[in-house]
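Peer 1: here's a sequence, model it:
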Amino acid sequence: MTFKLIPNPTFATTVKITQPGAEPVDLVVTWRFKSGKDYAAWLAKPAELAAKGQTLPDHEYLGEVIANWDGPVTDAGVAVPYGAEALQTLLNNYQPAARELYDAYCAALTESRAKN
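Peer 2: Have a look, this model is predicted:
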């Protein structure tokens, strides 16, 4: 693999999403890369808003770093395209998903992938 000084603008990882009463499912997420300075600003954003008495909904916050996904389907088995409304539905129906997505993004940017 070639080491590029400037990373690709997007990259994909698999996130385990907790389901009530079932095994976690895989959600393949395509993320937007953030450089160190931009990543730090993104991490600080919720606290900065809270200091002003404002909040940022999870779907808007995570929407800043999610570019696409592959995995969710309707009851009929039709793929659900990524979008703000679909993300909001996911986060509303699967409460741990916001933390799982956040943690996966942070890990993808800051940790090397381990070889098996």
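
Peer 1: mind listing what's buried in stretch 15-26?
Peer 2: Within stretch 15-26, the residues scored as buried using 16 or more other Cβ atoms under 10 Å are 15, 17. C-beta: built from backbone N, CA, C; applies to glycine.

Peer 1: what mean pLDDT does that stretch get?
Peer 2: On average, the pLDDT along stretch 15-26 is 96.

Peer 1: centre of the chain versus it, how much separation?
Peer 2: Centroid displacement of stretch 15-26 relative to its chain, using Cα atoms, centre = their mean, to the nearest Å, is 15 Å.

Peer 1: that one spans what distance, first to last residue?
Peer 2: Across stretch 15-26, the terminal residues are separated by 6 Å (Cα to Cα, to the nearest Å).

Peer 1: CA atoms only: put stretch 33-43 into CSV for me.
Peer 2: Included here for stretch 33-43 are C-alpha records, laid out as CSV according to Å, rounded to 0.1, in the frame of the first residue of the first chain:
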residue,chain,number,x,y,z
PHE,A,33,-11.7,12.7,6.4
LYS,A,34,-10.9,15.6,8.7
SER,A,35,-7.4,16.8,9.2
GLY,A,36,-6.0,17.2,12.7
LYS,A,37,-7.2,20.8,13.1
ASP,A,38,-10.6,20.2,11.6
TYR,A,39,-11.0,17.0,13.7
ALA,A,40,-10.2,18.9,16.9
ALA,A,41,-12.8,21.6,16.0
TRP,A,42,-15.4,18.9,15.3
LEU,A,43,-14.7,17.2,18.6
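
Peer 1: give me the nearest residue to P20, chain neighbours excluded.
Peer 2: For P20, ignoring the flanking residues on the chain, the nearest one in space by Cβ to Cβ, 6 or more residues apart in numbering is Y94 at 7.9 Å.

Peer 1: burial count for the residue nearest to L87 when sequence neighbours are not counted?
Peer 2: Nearest non-adjacent residue to L87, counting by Cβ to Cβ, 6+ apart: H59, 4.7 Å away. Burial measure for H59: 18 neighbouring residues, criterion other Cβ atoms under 10 Å.
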